[in-house]
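In: Task: produce atomic coordinates for the following.
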Amino acid sequence: MLHPDISLPRLIAHRGLSSRAPENTLVAVRAAHNAGCSWVELDVQLLGDGTPVIWHDAGIRRCSDARGRLADLDLPAARRLDVGGWFSDAFRGERIATLDEMLTLIDELGMGLNLELKVNRGRNAEALVKASLPATLEALPPERLIVSSFNDQALSQARRLAPASRLALGVLFEGVGRGWQKRCAGLEAYSIHADWRRLNRRGAEAVKGDGYALLCYTPNDPTAFTHQWQWGVDAAISDVPDRFIDHLS
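Out: Numbering: from 1, shown residues only. Next comes the predicted model:
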């Protein structure tokens, strides 16, 4: 199967450099770039008015100065949120990033993007893909993009919009258990993204033996993760990628 010619880095910054800046923000992506990261992982979902924004939770309480559901906000209301002050005073006044703004920044920085289609409970997977994928495909070349999700409806819709030669799809798993091969083959997947705490050698070797790229989320202890590199893991999606530098050899 022909996939984009992606040169995966060993380390991908999770939600931007989320250990040093508020997650999923423009400033977190700039921080990742300044720290030497060439790829970031980010989440996209829709506001109530259908605008794609970079955000992880169904609610806004954890990462802003307000409460409520993201689905209840339109763009003007979302723009009023302070999404940096919860992290530290240094980031007070940071605003939620639209997908378009984030794509512009990533392209300007020449970075790669693992974009997770975040389908929270009660949200429409097909609407998310239709609103976010065309702009993403237009903004970034195939070799600098992986679109991933836990949600098979979102992944199937993404595949209908773009062939495997144009779009690398990543299938998210907690544990790589029974049925993973059928699921990935049906989606013409490029990569498997597994919870590093639930990955074992047998699963990793099966994934690599079938020719998939293997990414792990979210290891933050390079010593504890050392043996997983030996299993053939291609990339670690980490909050603290800088901690891993001295351990990659």
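
In: What's the separation between the closest residue in space to Tyr217 that isn't next to it in sequence and Pro219?
Out: Excluding the flanking residues, the one nearest Tyr217 by Cβ to Cβ, 6 or more residues apart in numbering is Ile237, at 4.4 Å. C-betas here are computed from N, CA, C, even on glycine. For Ile237, the distance to Pro219 (Cβ to Cβ, to the nearest Å) stands at 8 Å.

In: Please apply the same query to Asp74.
Out: 37 Å.

In: Those two: which has the busier surroundings?
Out: More crowded of Asp74 and Pro219, by other Cβ atoms under 10 Å: Pro219, with 25 against 12.

In: which residues sit in contact with the more buried one?
Out: Listed by Cβ atoms under 8 Å, 6 or more residues apart in numbering, the contact partners of Pro219 are 196, 225, 228, 236, 238.

In: among these, which are in strands?
Out: Among the contacts of Pro219, DSSP state E puts 236, 238 in strands.

In: and the two most separated of the contacts of Pro219?
Out: Gln228 and Ser238 (12.0 Å; Cβ to Cβ).

In: could you pull out the strands for the chain?
Out: Going by DSSP E, the chain shows strands at 11-14, 39-46, 52-54, 112-117, 145-149, 168-173, 191-195, 213-217, 235-238.

In: how about these in TSV, adding distance to Arg202 and mean neighbour count?
Out: Shown next, in TSV, are these (distance: least, Cβ to Cβ, whole Å; neighbours: other Cβ atoms under 10 Å):
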stretch	distance to Arg202	mean neighbour count
strand 11-14	24	27
strand 39-46	26	25
strand 52-54	35	25
strand 112-117	25	24
strand 145-149	23	26
strand 168-173	14	22
strand 191-195	12	23
strand 213-217	13	23
strand 235-238	20	24
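
In: is it possible to export the ones you listed to CSV including distance to Thr136 and mean pLDDT?
Out: Formatted as CSV, the strands of the chain follow (distance: least, Cβ to Cβ, whole Å; pLDDT from 0 to 100):
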stretch, distance to Thr136, mean pLDDT
strand 11-14, 17, 98
strand 39-46, 8, 98
strand 52-54, 9, 99
strand 112-117, 6, 98
strand 145-149, 7, 98
strand 168-173, 12, 98
strand 191-195, 16, 98
strand 213-217, 18, 98
strand 235-238, 18, 98
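
In: With Asn24 as the reference, name the closest of those.
Out: Asn24 lies closest, by Cβ to Cβ, to one member of the strands of the chain: strand 52-54, at 4.6 Å.

In: got TSV for the contacts of Pro219, with distance to Asn34 too?
Out: Formatted as TSV, those follow (distance: Cβ to Cβ, whole Å):
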residue	distance to Asn34
Trp196	26
Phe225	24
Gln228	27
Ala236	19
Ser238	16
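
In: now, which of the contacts of Pro219 sits nearest Ala90?
Out: The closest of the contacts of Pro219, once distances to Ala90 are taken by Cβ to Cβ, is Ser238, at 21.9 Å.

In: what's near enough to touch the closest one?
Out: Applying Cβ under 8 Å, 6+ apart, the residues near Ser238 are 11-14, 218-220, 244.

In: burial count for Gly232?
Out: 14.

In: ugh, typo on my part, it should be Pro76
Out: So Pro76, with other Cβ under 10 Å, has 9 neighbours.

In: Return the residues in contact with Ser19.
Out: Ser19 makes contact with 239-240, according to Cβ under 8 Å, 6+ apart.

In: With respect to Ile96, which of the contacts of Pro219 is nearest?
Out: For the contacts of Pro219, the nearest to Ile96 is Ser238 (23.5 Å; Cβ to Cβ).

In: For the closest one, give its distance to Met111.
Out: Taking Cβ to Cβ, one finds Ser238 at 16 Å from Met111.

In: ok so, going back, using CSV, please lay out the strands of the chain together with distance to Lys182.
Out: Listed next are the strands of the chain as CSV, based on distance: least, Cβ to Cβ, whole Å:
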stretch, distance to Lys182
strand 11-14, 27
strand 39-46, 26
strand 52-54, 30
strand 112-117, 20
strand 145-149, 17
strand 168-173, 11
strand 191-195, 13
strand 213-217, 18
strand 235-238, 24
